[in-house]
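Participant: here's my sequence, what's the structure:
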Amino acid sequence: MVEKFMSFSSYINSRVQLSPQEMEIAEEACDSSIIKKGELLIKEGQVAHRMYFIQSGCARTYYYHQDKEVTSWIYREEQLATAWSSFYTRSPSFEELQALETLHVTSISHEKLQDLFNRNSKFQHFGRLICQEQLVFLDSFFKGQVFMNAKEKLDVLINYFPDITQRVNLGYIASLLGITQETLSRIRRK
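Facilitator: Reported below is the predicted structural model:
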């Protein structure tokens, strides 16, 4: 088994138990690659054809609103990343996925993922769990965005991604939290 796939294998097996043969089928459906810092994995207006499992590095999704970049999420190691709406609906993406650090990723195309789902109910179960996890996390995070003050939002983000302020541009973090960079700096000083 390729070393870069081990982490993704663990990710899958933490949700569903695949036999060695099923794991081999999953491995064959995936590709590993290195993405340079700053490179776009998904561009606005294009259909997101791949879902990425981040082995190392971090990335962000962002979109433009009134000619301003708005960070919609920041992904770290051991997470799946894509432009979710585009990936699942096969429609053009309104956001971009950008490497914030050099990324080592394992990826799978939409077509091959659907093929896995059609082959075996364990893969279907894995896919359903991925969707449920994403939905629950996003639901709780964005509901919290409405009711939390800026400090509470930052605390939740740091709990989720402890070294985010050392690895990610503060402007991107402020954008994600819906606050100005000056407000973020003020909160961090306190």
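Participant: quickly find the element holding Y64.
Facilitator: Element membership of Y64 [criterion: DSSP states H and E] is strand 59-65.
Participant: what's the mean pLDDT across that strand?
Facilitator: Mean pLDDT, strand 59-65: 97.
Participant: can you count the residues close to F142?
Facilitator: Residue neighbour count, defined by other C-beta atoms under 10 Å, stands at 9 for F142. Where C-beta positions appear, they are placed from N, C-alpha and C, glycine not excepted.
Participant: mind checking pLDDT for the spatially most central residue of the chain?
Facilitator: By C-alpha atoms, centre = their mean, the chain has its centre lying nearest to A81, at 2.7 Å. In the predicted model, A81 carries a pLDDT score of 96.
Participant: OK, contacts around it?
Facilitator: For A81, the contact set (C-beta atoms under 8 Å, 6 or more residues apart in numbering) comprises 41, 51-54, 59, 61, 75, 97.
Participant: for the chain, which segments are assigned as strands?
Facilitator: Secondary structure of the chain (DSSP state E): strands located at 30-35, 40-42, 50-56, 59-65, 68-75, 80-81, 96-99, 103-109.
Participant: the residue nearest to the centre of the chain and S19: what is the separation?
Facilitator: In this view, A81 and S19 are 27 Å apart by C-beta to C-beta, to the nearest Å.
Participant: where does pLDDT dip in this structure?
Facilitator: In the predicted model, the chain carries pLDDT under 70 at residues 1-6.
Participant: could you redo the last one with a cut-off of 50?
Facilitator: Applying pLDDT under 50 to the chain picks out residues 1-4.
Participant: can you point me to the longest helix in it?
Facilitator: Residue-count comparison of every helix in the chain, with assignments taken from DSSP state H, identifies helix 121-147 as the longest.
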